[in-house]
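Task: produce atomic coordinates for the following.
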Amino acid sequence: MSNIFIIHGSYGNPDENWFPWLKVELEKLGHKVFVPKFPTPENQSLNSWKKVFSEYDGGNFHLYHSDNDPYIPTSESEKLSEKLGVVSVLVKGASHFNKNSGFDKFDLLLEDIKSELNTICEL
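Next up is the predicted model:
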């Protein structure tokens, strides 16, 4: 099966919000799931995060952002996805994608991953 990475945000950690739920759901499907801890908030920079990524090889990256995030403007998410060269996915009304916003599960993301994996397997 595939290796899948779940990346927490600034000031976040691998054990919060919907991350544990998605990890379990994807492992049930036979995938190997990584939820690395990134340096945050101390020593937080694009280079320090890239260093964590450099331990791993491969994969398609997608950046999910909301049109009403109270902390991260849509324009900043779009700039980041451009700099990283990754797919940008806008989710309307998702706020900050955290438990306080009702995200202890993230069904759209799970379905998108399944669809992406099916596409890859068909190639």
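
Okay, now the unreliable bits of this protein?
57-58, 123 (pLDDT under 70).

the helices in it, which residues?
Secondary structure of the chain (DSSP state H): helices located at 19-28, 46-53, 74-84, 107-122.

Go ahead and name everything in contact with the second one.
Read that as helix 46-53. Applying Cβ atoms under 8 Å, 6 or more residues apart in numbering, the contact partners of helix 46-53 are 36, 38-39, 83. Glycine gets a C-beta too; all of them are placed from N, C-alpha and C.

quick one: W18 and D107 touch, right?
No. Using Cβ atoms under 8 Å, W18 is not in contact with D107; the gap is 9.3 Å.

Pretty sure N3 sits against H31.
Yes. N3 lies in contact with H31 (Cβ under 8 Å); the separation is 7.2 Å.

okay, those two: which has more neighbours?
H31 (16 against 12; other Cβ atoms under 10 Å).

Now that one. Nearest residue, chain neighbours left out?
Closest residue to H31 apart from its sequence neighbours, by Cβ to Cβ, 6 or more residues apart in numbering: M1 at 4.7 Å.

how close does the one you found get to L80?
28 Å (Cβ to Cβ, to the nearest Å).

the more surrounded of the two?
Neighbour totals were compared for M1 and L80, and L80 leads with 15 against 11 (other Cβ under 10 Å).

Leaving out chain neighbours, which residue sits closest to the more buried one?
Excluding the flanking residues, the one nearest L80 by Cβ to Cβ, 6+ apart is L63, at 6.4 Å.

related to what we said a few turns ago, most neighbours of all the contacts of helix 46-53, which one?
So for those (other Cβ under 10 Å), the most neighbours sit at F38, 18 neighbours.

who's in contact with it?
7-8, 44, 48-49, 52.

do the same with K23
Residues near K23 by Cβ under 8 Å, 6+ apart: 6, 33, 35.

Include neighbour count and distance to Y71 when you put these into JSON lines, please.
Output for those, formatted as JSON lines (neighbours: other Cβ atoms under 10 Å; distance: Cβ to Cβ, whole Å):
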{"residue": "I6", "neighbour count": "19", "distance to Y71": "19"}
{"residue": "V33", "neighbour count": "18", "distance to Y71": "26"}
{"residue": "V35", "neighbour count": "16", "distance to Y71": "21"}
